[in-house]
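**Student:** Got a predicted model here, sequence first, then my questions.
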Amino acid sequence: KVKKLYVGVDGEEGLALYKEHKPDLILTDIRMPKMDGISMSKKIKELSPDIPIVVLSAHSETNYLIEAIESGIGGYLLKPLDKEKLYNTLEEHAKIVFYGKEKSEHERLLQEVINLQPSVIFSNDETKKALFTNKLFVDYFTLENSSQHHADMDVYEHLKKFNNVTIEDNDKDTFWLDYIFSNPNKCFKVMVNSEGKKNNFYVNTKLVNRAHNDKVVIVISLVEL
């Protein structure tokens, strides 16, 4: 049913196997020597919060099941084990893993396409949290670790700290990113002072409604003049 199967005789070995091989899915008993399945699952969840874990449990272990659910464990099967239910449960979780990997690959390819664009591009939601940036943005605004999408960092605060952008006809007391948000779908010129070099850009912004919710995304493109 699977390409690779790693078997641990107890929770400690199971945790060690996970750290070494990073499997896509975990199936664990609750009662095991050295470290029980719940404790092992919690430690694994600390390393990989999204890892699907299915727990095998006896009817007498319902108190453990409550703890398992609270720990974010995705599913459980009662003993005696029904093979058909086991296969169906594993298949359901495998689909989640597959779609997650597919989504990550699409995001990676999208990022590669964005990085190839000749203009500086970044996008923020209405809370000014960064959704994505491209490599030129990273280069001009001296962000670290250009391999990530920067969704886990506060780009707005970073840009505010290193405020090296001026906008024509903008009140100097207004931070340039705030000015962009208060003037959606407007085009204007900016000057970026990067490492002592001044670069002039033509700024184009676009407000986009996100699908299935009311959130608004602003996509900002800076084309060097």
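**Tutor:** Nice, thanks for sending it over.
**Student:** Please report how far D29 lies from T89.
**Tutor:** Distance, D29 to T89, by Cβ to Cβ, to the nearest Å: 15 Å. (C-beta placed from N, C-alpha, C; glycine too.)
**Student:** any idea which helix or strand of this protein has the worst average confidence?
**Tutor:** Every helix and strand in the chain was compared by mean pLDDT, DSSP states H and E; the lowest is helix 62-70, with a mean of 70.
**Student:** which residues make contact with that helix from outside it?
**Tutor:** Contact partners of helix 62-70, identified using Cβ atoms under 8 Å, 6 or more residues apart in numbering, comprise I30, D36, I38, S41, V55, S57, Y76.
**Student:** OK, contacts around K206?
**Tutor:** Counting by Cβ under 8 Å, 6+ apart, K206 touches N185, I218, V219, S221.
**Student:** Can you give the distance of the least confident helix or strand of the chain from its chain's centre?
**Tutor:** From the chain centre to the centre of helix 62-70 is a distance of 27 Å (Cα atoms, centre = their mean, to the nearest Å).
**Student:** wait, what's in contact with the nearest residue in space to T133 that is not next to it in sequence?
**Tutor:** Excluding the flanking residues, the one nearest T133 by Cβ to Cβ, 6 or more residues apart in numbering is F122, at 4.3 Å. Residues in contact with F122 (Cβ under 8 Å, 6+ apart) are A130, F132, T133, N134, F137, V155, V219, I220.
**Student:** Please convert the buried members of those into PyMOL selection syntax.
**Tutor:** Here is the PyMOL selection string for the buried members of the contacts of F122, based on 16 or more other Cβ atoms under 10 Å:
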select buried, resi 130+132+133+134+137+155+220
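**Student:** Quick check: bridge partners of S221?
**Tutor:** Counting by DSSP bridges, S221 forms beta bridges with I121, N204.
**Student:** Look at it and report its pLDDT.
**Tutor:** At S221, the model reports a pLDDT of 78.
**Student:** How much space separates it from L47?
**Tutor:** For S221, the distance to L47 - Cβ to Cβ - is 38 Å.
**Student:** Check Q117 too.
**Tutor:** Q117 sits 35 Å away from L47 when distances are taken as Cβ to Cβ.
**Student:** likewise L86?
**Tutor:** From L86 over to L47 (counting by Cβ to Cβ), the distance is 25 Å.
**Student:** more crowded one of those two?
**Tutor:** Using other Cβ atoms under 10 Å as the criterion, L86 and L47 rank with L86 on top: 15 against 11.
**Student:** Let me see the contact set for the more buried one.
**Tutor:** L77.
**Student:** hang on, it in a helix?
**Tutor:** Yes - counting by DSSP: H, G, I helix; E, B strand; the rest coil, L86 is found in a helix.
**Student:** Could you list the low-confidence segments of the chain?
**Tutor:** Applying pLDDT under 70 to the chain picks out residues 59-62, 65, 141-154, 162-163, 169-172, 194-195, 210-217.
**Student:** Please enumerate the strands of it.
**Tutor:** Assigned by DSSP state E, the chain shows strands spanning 26-29, 53-57, 75-78, 120-125, 130-133, 165-167, 188-194, 197-209, 216-224.
**Student:** Make CSV out of these and add distance to E107.
**Tutor:** Formatted as CSV, the strands of the chain follow (distance: least, Cβ to Cβ, whole Å):
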stretch, distance to E107
strand 26-29, 24
strand 53-57, 24
strand 75-78, 26
strand 120-125, 13
strand 130-133, 8
strand 165-167, 27
strand 188-194, 27
strand 197-209, 17
strand 216-224, 15
